[in-house]
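**Student:** Model the following, please.
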Amino acid sequence: MSQSARSTVLLIIIGTILWVATGIVALAANAEAKIIWTCLAGAVLGLVGIRYTLRRARRLGL
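**Tutor:** Numbers count the residues shown, from 1 in each chain. Predicted coordinates:
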């Protein structure tokens with residue numbers, strides 16, 4: 001995998017971790033459901049982004 005693909009995956013992983021951490025804090029603070037669902041959606045989309053980026057890098061031979 002190229003350096004560009006690795007840095008992209010790393011960036012997506014960091015963002016996903018931040019969404020999960022924010023969701024945990026929101027749950028602990030009894031936040032509104034809208035905020036918790038937003039954090040969940042961000043984390044799920046981050047996981048989709050990681051999978052997509054890895055598959056694309058493999059397919060392109062990067």
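
**Student:** Correct me if wrong: residue 36 contacts residue 28.
**Tutor:** No: contact criterion Cβ atoms under 8 Å: residue 36 and residue 28 do not qualify, at 10.7 Å. All C-beta atoms are positioned from the backbone trio N, CA, C, and that covers glycine.

**Student:** So which of those two has more stuff around it?
**Tutor:** Higher neighbour count among residue 36 and residue 28: residue 36, with 17 against 8, using other Cβ atoms under 10 Å.

**Student:** so which strand or helix has the more buried one?
**Tutor:** Take DSSP states H and E as the rule and residue 36 turns out to sit in helix 33-60.

**Student:** which of the residues in that helix are buried?
**Tutor:** 36, 38-39, 42-43, 46, 49-50, 53, 57 (16 or more other Cβ atoms under 10 Å).

**Student:** so where's this structure uncertain?
**Tutor:** Applying pLDDT under 70 to the chain picks out no residues at all.

**Student:** that older thread, now do the helix holding residue 36: which elements does it pack against?
**Tutor:** Helices and strands touching helix 33-60, by 3 or more Cβ pairs under 8 Å, 6 or more residues apart in numbering; DSSP states H and E, are helix 3-28.

**Student:** now the angle from the helix it packs on to helix 33-60?
**Tutor:** 160 degrees (axes from the mean of the first three to the mean of the last three Cα atoms, to 10 degrees).
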